[in-house]
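Peer 1: Give the three-dimensional model of this entry:
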Amino acid sequence: QLQLVESGGGLVQPGGSLRLSCAASGFTLDYYAIGWFRQAPGKEREGVSCISSSGESTNYADSVKGRFTISRDNAKSTVYLQMHSLKPEDTAVYYCAESIGVRVCMPATGTSWGQGTQVTVSS
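Peer 2: So this is what the prediction gives:
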């Protein structure tokens, strides 16, 4: 299982921006598709965006298309999620994990979730 650490969350006003980071420690992410997932209070965890191991392929949930951008720097073993035009409905704990694919943006079987990073969009 990959051990990933999320960071970069915070409190932001509607329309604001944040950049989340997902860092691997002690191993390389080069061979893994990685996804960002989020869970809002009282809701199930959902896929936000996934990226292939090379970074050439990406996929986004309809709710974030045009506002969020996923990217990766394999030299730094880090995956990013740049979020613009944030809305209150984006409020959630955001997690990163290995994805089973890109077009099928779902966490790999047996994923052990980290602490995540809280994103709160509120005025």
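
Peer 1: alpha carbons only for contacts and neighbour counts from here, please
Peer 2: Will do.

Peer 1: which residues sit in contact with Tyr60?
Peer 2: Tyr60 sits next to 48-50 when contact means Cα atoms under 8 Å, 6 or more residues apart in numbering.

Peer 1: Out of those residues, who's the most crowded?
Peer 2: For these, the largest neighbour count, defined by other Cα atoms under 10 Å, is 34 neighbours, found at Cys50.

Peer 1: ok, back up a step: output the contacts of Tyr60 as a markdown table; include the columns distance to Leu11.
Peer 2: As requested, the contacts of Tyr60 are arranged in a markdown table below (distance: Cα to Cα, whole Å):
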| residue | distance to Leu11 |
| --- | --- |
| Val48 | 19 |
| Ser49 | 21 |
| Cys50 | 24 |
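
Peer 1: Can I get these in CSV including pLDDT and secondary structure?
Peer 2: CSV is the format used below for the contacts of Tyr60 (pLDDT from 0 to 100; DSSP: H, G, I helix; E, B strand; the rest coil):
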residue, pLDDT, secondary structure
Val48, 98, strand
Ser49, 98, strand
Cys50, 98, strand
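
Peer 1: any idea which of those is closest to Gly101?
Peer 2: Comparing the contacts of Tyr60 against Gly101 with Cα to Cα places Cys50 closest, at 7.6 Å.

Peer 1: Right, I'll call it a day here.
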